[in-house]
Each structure stands twice: as structure tokens, then as C-alpha cells.
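In: Got a predicted structure here, sequence first:
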Amino acid sequence: YNAILIYCSRLTPPTCDQLKMSEKWERQYQFYHNLFPDIPTITSPELVQKYRDLFFVDDNGAGSSDMMGEECFITANNDCEDGCSSLILIDVRSQPERSVSYIPSAISLEQYESGIKAKTIPLNANIVTYCTVGYRSGVEARRLCDRYDHVLGRIYSLDGIVAYTHAANAKLLVSGHSGQEETTTRVHTFGSMWGQVGNDYQAISFGIG
């Protein structure tokens, strides 16, 4: 995995000198997602809307409190009308990155593959992988396609947690000292070159780039 991260850091999208800062994060995820034309992309606004559709959240934020639950997307189709399917959100980043914050309902790659072995993961669910800007999520989405037949035609790559911080009504969670999930404005971007987070967020990185 370290080799993948090093390679990722060497794939240099357009820089701030070439682009307006407000455009950089968009051009970055487009650059990385173009490396995986076989993996469809889902945008962060689309993901946020998926939350709202699955849990019947209205424009004022009223709706099911289960929206923030760890397993909510895995079981959401039990109560879903109009044929909408469940969705499993997989955070493929490293544990140090996930410990800073994660998108609500996300599980780790290890949890997903353990769930497959234990037969606790619904095989008919759609899957969305995510990382910082889309390189690692593309790598892992392609690997899952090669390993598991049931994900073919059901897997997508999110535009990334950086893009997610720019989406309206997006929230990030962190496990607090008490073990309870709490909202946070901190987000790990792996390296500073991918640190163009939304104005309400604080970027944390390993110092690369």
C-alpha cells in the first residue's frame, strides 16, 4: 500500500499556479478519476442527496436520526420505498486518516471484506469507495471488481473527502473519547497538495507535497 501512496503523490494534477484555488480540488479529482474510466464516479452532492432520499430528510434537516449510524446504508433498503437500493460506503484510507474524521455510515475496507467472509454484507447492495481525491478509491474499486463477481456493475468511486467538504449539508464524524460519534471540522487530506478543503474545514496531512 505504501508503494501506491508514493505513486499517488507523484501523479501531479494541475497546480495552484495554473488554476484558481477554487477550481483546484475539482480538477484534482477529475484528473485522478480519469485514470479509472471503467469505474463510474459519484459526486459528493449526489451522495449527500442519497442520504436525504434514504432517510427522508427534508430541506430543513428534519428526518431519521439513524442518518448518522455506522450501519445505516447497509440496512437502509429494509425500509426503503420505490425500489431504491442499499448502499455501502467504504473508506479505503489508512487508519490514521480515518481517525481524524470520516463520512457518516462509512466502514473500512477491512470491515467490508470481513463482512463478505462472514456473510453479513448484502451482495445486492451498491458500493461506493472513497479516499482523499479518488486515486486510492479507484485502485480499490478495481481490485474489488477483480476479486468479487457480485460487485461488477454495482461499484462507484466518490470524488473524494476533499470534494465532500465542499458539498452543501455534508457532515464529517469522529469517534470521541467516550466512544460516541461526534461531528468535526477536521479532515485528513494525506498531503498538503490535496488540502483544498471547504472554508468550514481544517485540513490535516502527513506533510507530503
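Out: Alright, I've got the coordinates. Since the structure is predicted, the reported quantities are computational estimates derived from the model, not experimental observations.
In: What segments of the protein are strands?
Out: In the chain, strands defined by DSSP state E lie at 41-42, 87-91, 107-108, 126-130, 155-158, 172-175, 181-184, 186-188, 202-204, listed in chain order.
In: which residues of this protein fall in helices?
Out: 2-10, 21-33, 44-54, 72-75, 95-100, 109-118, 135-147, 161-164 (DSSP state H).
In: okay, those helices in TSV with distance to residue 125 and mean pLDDT next?
Out: In this view, the C-beta of every residue, glycine as well, is placed from N, C-alpha and C. Converted to TSV, those look like this (distance: least, C-beta to C-beta, whole Å; pLDDT from 0 to 100):
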stretch	distance to residue 125	mean pLDDT
helix 2-10	25	50
helix 21-33	22	81
helix 44-54	12	85
helix 72-75	7	40
helix 95-100	21	96
helix 109-118	10	95
helix 135-147	12	97
helix 161-164	20	95
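In: Pick the most deeply packed of those helices.
Out: Sort the helices of the chain by mean neighbour count, taking mean count of other C-beta atoms under 10 Å, and helix 161-164 sits at the top with a mean of 27.
In: For that one, give me every contacting residue.
Out: 25-26, 28-29, 43-44, 47, 93, 101, 103, 130-133, 158, 170, 172, 187-189, 194-197 (C-beta atoms under 8 Å, 6 or more residues apart in numbering).
In: one more time with 6 Å
Out: Residues outside helix 161-164 that contact it (C-beta atoms under 6 Å, 6 or more residues apart in numbering): 25, 29, 44, 132-133, 170, 187, 189, 194, 197.
In: bridging residues for the residue most central in space within the chain?
Out: Note on the chain: the residue nearest the mean C-alpha position is residue 130, at 3.3 Å, using C-alpha atoms, centre = their mean. Beta-bridge partners recorded for residue 130 (DSSP bridges): residue 91.
In: Might one say that it is in contact with residue 158?
Out: Yes - assessed by C-beta atoms under 6 Å, residue 130 is found in contact with residue 158 at 3.7 Å.
In: Determine which two of the contacts of helix 161-164 are furthest apart.
Out: Spatially, the most separated pair among these is 170 and 194, at 16.9 Å (C-beta to C-beta).
In: higher neighbour count, the two?
Out: residue 194 (28 against 20; other C-beta atoms under 10 Å).
In: Which one of the contacts of helix 161-164 is nearest to residue 38?
Out: Distances from residue 38 to those, taken by C-beta to C-beta, are shortest for residue 29, at 16.7 Å.
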